[in-house]
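[1] Sharing a sequence plus its predicted fold:
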Amino acid sequence: MKAVVMNAEWSPRPGYTVSERELRSGKAGMASQVYRKPVFQWETVPDPQPARDEVLLRIRACGVCGSDTHCYESDRDGYILFSGPVRMPCICGHEYTGEVVEVGPDVRFLQVGDLVAAEGMLNCGVCEACRIGRPNQCPHLEMVGFSAPGAYAPLIASKERFLWKINGLAEKYGSAQRGCEVGALVEPIACSYNGMFISAGGTLPGSHLAVFGCGPIGLGAIALGRASGAATICAFDTMPERVAVASAMGADVALDPRSCDPSEVIRDLTGGWGADMLVEAAGAALQTMPQIERAFAPGGKMVYLGRTGQRAPVLLDVLVTQAARIAGARGHVGGGCFPNILRMMERGVLNVEPMITTRMPFSRAIEALEKSTDRTDGKVMVEYE
């Protein structure tokens, strides 16, 4: 089968010490420090063969993630921007849905013809982190599209435990394709859900939410905030197209942060109270943290979702004064993320379809990656013939 494969040179930056684990596994723990000169190209690869506890899926839709974009792009020294774990070469793409076309003999619940959304964090399930409910922090984690074969291909094999039925979405939206496209948004929205409600502990209905960065993760946070009863939602992004999508997704105020003082906007909208939860999804903490520090409500929470691998100063005294806290979050599994989001989608509580702003056929998948680099879309969706 034909698939989009990403590859790059293994060339650790001067001063970066490659660990024994990285050498043993061939997987860079922080890809931006190891891989340079990325290349994405069509290659012929073997069709996947499902194991006994796996199903074979025909891919129906796959979103382009900001992390895919960060693997596609490089800095002035040629190193990719993505700071997470990567093993190359690898078929890219992880925000996918598919149709079951074959089931292994040990598969218990899925049947041929079922439509499913897939988790992309392949945790081991038996280590201590997994067993205490921290599957996103599994030290043996493999990531679809980064260190395990991804979905920019016609077929993919997956263990049944990483899949969730979305037949109800196809019924709600009146077609399998529309249901699969919306279903492909579950993964990025689950990253927001995991950060806001699992890692940061959530907020009560009537709280004030501020979102910095209106890419898919930020847009998912806006939709979740509206669905969970936020009193006000402020959103900020430097791209006018994304500002417009943020308004369509439910933001009360959506602005370019360069045209205003975001902390003052938040204070004005909340009657001087501030934001009870702030989501950093811009990956620009150096610029956003000073604004966030000035916008904390008493007892406010910030969740950091925009990873860059860069350090940013934080005025810790603000956390003391406001009894505020900062939470980090990685991933989208555990804590009921997938099933809860699917329930809200199926019942119309969570309206996310406006997030899809560009659709491209699978034959133009590399063009879809290139399109994502202009950062004007809510979500670029790859559709499969």
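    Perfect, thanks for sending it.
[2] buried sites along stretch 120-128?
    By neighbour count, with 16 or more other C-beta atoms under 10 Å as the criterion, the buried positions of stretch 120-128 are 120-123, 127. (Glycine included, C-beta is placed from N, CA and C.)
[3] Strands along the stretch 201-350 of the chain, start to end?
    In chain order, the stretch 201-350 of the chain shows strands spanning 208-212, 232-236, 253-255, 275-280, 296-304, 325-328, with DSSP state E, counting those that start in this stretch as the criterion.
[4] same check, this time on the stretch 51-200 of the chain
    In the stretch 51-200 of the chain, the segments counted as strands under DSSP E, counting those that start in this stretch are 54-63, 90-91, 95-103, 115-118, 121-122, 142-143, 155-159, 163-165.
[5] Measure how the third one sits relative to strand 155-159, angle-wise.
    Meaning strand 95-103. Here strand 95-103 runs at an angle of 80 degrees relative to strand 155-159 (axes from the mean of the first three to the mean of the last three C-alpha atoms, to 10 degrees).
[6] next one: the first one
    Regarding strand 54-63 and strand 155-159, their directions subtend 120 degrees when assessed with the same axes, to 10 degrees.
[7] Determine the set of other helices and strands touching strand 54-63.
    Where contact means 3 or more C-beta pairs under 8 Å, 6 or more residues apart in numbering; DSSP states H and E, strand 54-63 is packed against strand 95-103, strand 115-118, strand 155-159, helix 176-183, strand 379-383.
[8] do the last one as well
    Strand 163-165 makes packing contacts with strand 115-118, helix 337-346 when contacts are defined by 3+ C-beta pairs under 8 Å, 6+ apart.
[9] low-scoring pLDDT stretches of the stretch 251-385 of the chain, where are they?
    When the per-residue scores of the stretch 251-385 of the chain are filtered using pLDDT under 70, no range remains.
[10] Pop out the phi and psi values for the nearest residue to Ser32 once chain neighbours are set aside.
    The shortest distance from Ser32 to any residue other than its chain neighbours is 4.6 Å, reached at Ser83 (C-beta to C-beta, 6 or more residues apart in numbering). Its backbone dihedrals place Ser83 at phi -100, psi 10, with angles given as degrees, to the nearest 10.
[11] shift numbering so it begins at 43
    Sure thing, new numbering starts at 43, so read that last one as Ser125.
[12] Distance to Met386 and mean neighbour count for the helices and strands packed on strand 96-105 - can I get that in JSON lines?
    JSON lines is the format used below for the helices and strands packed on strand 96-105 (distance: least, C-beta to C-beta, whole Å; neighbours: other C-beta atoms under 10 Å):
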{"stretch": "strand 137-145", "distance to Met386": "17", "mean neighbour count": "24"}
{"stretch": "strand 157-160", "distance to Met386": "13", "mean neighbour count": "26"}
{"stretch": "strand 197-201", "distance to Met386": "24", "mean neighbour count": "22"}
{"stretch": "helix 218-225", "distance to Met386": "12", "mean neighbour count": "23"}
{"stretch": "strand 421-425", "distance to Met386": "18", "mean neighbour count": "25"}
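[13] Could you dump the ones you listed into CSV and include distance to Leu384?
    Formatted as CSV, those follow (distance: least, C-beta to C-beta, whole Å):
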stretch, distance to Leu384
strand 137-145, 11
strand 157-160, 7
strand 197-201, 17
helix 218-225, 8
strand 421-425, 17
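[14] Looking at these, which is nearest to Thr86?
    In terms of C-beta to C-beta, the element of those nearest to Thr86 is strand 197-201, at 13.0 Å.
[15] ok so, going back, would JSON lines of the strands of the stretch 243-392 of the chain with mean neighbour count and distance to Ala199 be doable?
    As requested, the strands of the stretch 243-392 of the chain are exported to JSON lines (neighbours: other C-beta atoms under 10 Å; distance: least, C-beta to C-beta, whole Å):
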{"stretch": "strand 250-254", "mean neighbour count": "29", "distance to Ala199": "36"}
{"stretch": "strand 274-278", "mean neighbour count": "26", "distance to Ala199": "38"}
{"stretch": "strand 295-297", "mean neighbour count": "20", "distance to Ala199": "41"}
{"stretch": "strand 317-322", "mean neighbour count": "28", "distance to Ala199": "34"}
{"stretch": "strand 338-346", "mean neighbour count": "21", "distance to Ala199": "33"}
{"stretch": "strand 367-370", "mean neighbour count": "15", "distance to Ala199": "32"}
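[16] Output these in a markdown table; the columns should cover distance to Ile308.
    Listed next are the strands of the stretch 243-392 of the chain as a markdown table, based on distance: least, C-beta to C-beta, whole Å:
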| stretch | distance to Ile308 |
| --- | --- |
| strand 250-254 | 5 |
| strand 274-278 | 5 |
| strand 295-297 | 9 |
| strand 317-322 | 5 |
| strand 338-346 | 9 |
| strand 367-370 | 17 |
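[17] for Glu322, which residues make a bridge with it?
    The bridge-partner assignment for Glu322, based on DSSP bridges, gives Phe254, Tyr346.
[18] ok, it - contacts?
    Glu322 is in contact with 254-255, 330-331, 334, 344-348, counting by C-beta atoms under 8 Å, 6 or more residues apart in numbering.
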